[in-house]
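S.K.: Curious how this folds, go ahead:
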Amino acid sequence: MPIVFVDLETTSLREPWLPGGRQIWQLAVIRREDDGRETSYNRFVPLRELDLDRATSQALTISRFERHPESNGSDTDVATGREIAELMVELTADQPVWVGAAPWMDANDVLHLMSVHGLVPLDAADVPWDFRLVCVISQLLGRTGLPPTAAVGEMAALVGIDQSAYAIHDALADTYFARDLFDALTRSGDGRGGAG
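M.R.: Next up, the predicted model:
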């Protein structure tokens with residue numbers, strides 16, 4: 001079964017369907033096929049589509065919003081919200097497994113974006129991806145036995161992944177981090193992950 005590693009950067013943490021709710025401003029996906037081939041996607045929503053007056057400064061600071069290509073005079077990887085929603089419809093058409101560090105939030109936001117653009121019915125009973133979302137942070141907690149308040153970097157190190165090697169809170173870097181954590185947690189025959 002194919003896998004999609006997904007991460008988003010958003011304008012706040014407020015639920016997207018509420019007034020002033022968060023908007024996706026960066027979406028990144030690595031899609032892994034059954035034969036192991038991978039394709040990565042990195043898209044930014046145009047500034048004109050974002051309601052930045054309702055964004056929270058904390059969310060924009062953490063996600064380093066100043067990286068947005070249009071803020072730097074570029075349109076590289078910029079796509080409309082509808083184009084991004086259509087891409088996700090295409091990438092999830094065969095119900096891949098969704099893996100991420102906050103998969104419930106990210107899947108909810110993508111489904112909301114699809115709905116806003118009329119790509120899924122408002123009363124949809126099913127999601128386009130496999131409903132069993134995989135959270136690599138939850139997997140790490142189970143593997144390491146550390147308390148839920150432990151730093152992700154500390155947990156990742158115990159399975160052989162150095163979080164400092166990734167530009168965290170850049171959606172594309174976060175997808176690679178989630179992928180590498182997933183692989184470290186699942187590749188070992190003894191079930192103990194990549195740490196020796």
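
S.K.: Could you tell me which ranges of the chain sit under the pLDDT cut-off?
M.R.: Across the chain, the ranges flagged by pLDDT under 70 are 121-126, 188-196.

S.K.: mind checking the longest helix of it?
M.R.: With DSSP state H setting the assignment, residue counts place helix 171-186 as the longest helix in the chain.

S.K.: Pull out the buried positions in that helix.
M.R.: For helix 171-186, a neighbour-count test (16 or more other CB atoms under 10 Å) marks 171-185 as buried. C-beta: built from backbone N, CA, C; applies to glycine.

S.K.: Stretch 46-58 now?
M.R.: When burial is assessed from 16+ other CB under 10 Å, stretch 46-58 yields the following buried residues: 46, 50, 55.

S.K.: related to what we said a few turns ago, contacts for the longest helix of the chain, please.
M.R.: Among residues not part of helix 171-186, those counted as contacts by CB atoms under 8 Å, 6 or more residues apart in numbering are 3, 5-9, 26-30, 32, 40, 42, 99-101, 134, 136, 139-140, 143, 156, 159-161, 163, 166-168, 193-195.

S.K.: Now for residue 9, which secondary structure element holds it?
M.R.: Per DSSP states H and E, residue 9 falls inside strand 3-10.

S.K.: I'd say residue 170 and residue 66 touch.
M.R.: No: between residue 170 and residue 66 no contact is recorded; they are 11.5 Å apart, counting by CB atoms under 8 Å.

S.K.: Of the two, which one has the most company?
M.R.: The residue with more neighbours, out of residue 170 and residue 66, is residue 170; 19 against 9, by other CB atoms under 10 Å.

S.K.: List the residues that contact the more buried one.
M.R.: If you count contacts by CB under 8 Å, 6+ apart, residue 170 has them with 9, 26, 63, 64, 67.

S.K.: and residue 79, what does it touch?
M.R.: Each residue near residue 79 by CB under 8 Å, 6+ apart is listed here: 43, 44, 45, 46, 87.

S.K.: quick one: residue 77 and residue 69 touch, right?
M.R.: Yes: under the contact definition of CB under 8 Å, residue 77 touches residue 69, with a separation of 6.2 Å.

S.K.: who touches both of these two?
M.R.: Counting by CB under 8 Å, 6+ apart, the shared contacts of residue 77 and residue 69 are residue 44.

S.K.: Identify the residues contacting the nearest residue to residue 11 once chain neighbours are set aside.
M.R.: Sequence neighbours aside, residue 55 is the residue nearest to residue 11 in space, at 3.7 Å (criterion: CB to CB, 6 or more residues apart in numbering). With contacts defined as CB under 8 Å, 6+ apart, residue 55 is in contact with 11, 12, 23, 65.

S.K.: So which of those is the closest to residue 130?
M.R.: Lowest distance from residue 130 to the contacts of residue 55 (CB to CB) belongs to residue 23, with 25.5 Å.

S.K.: So what's the residue count around that closest one?
M.R.: 23.
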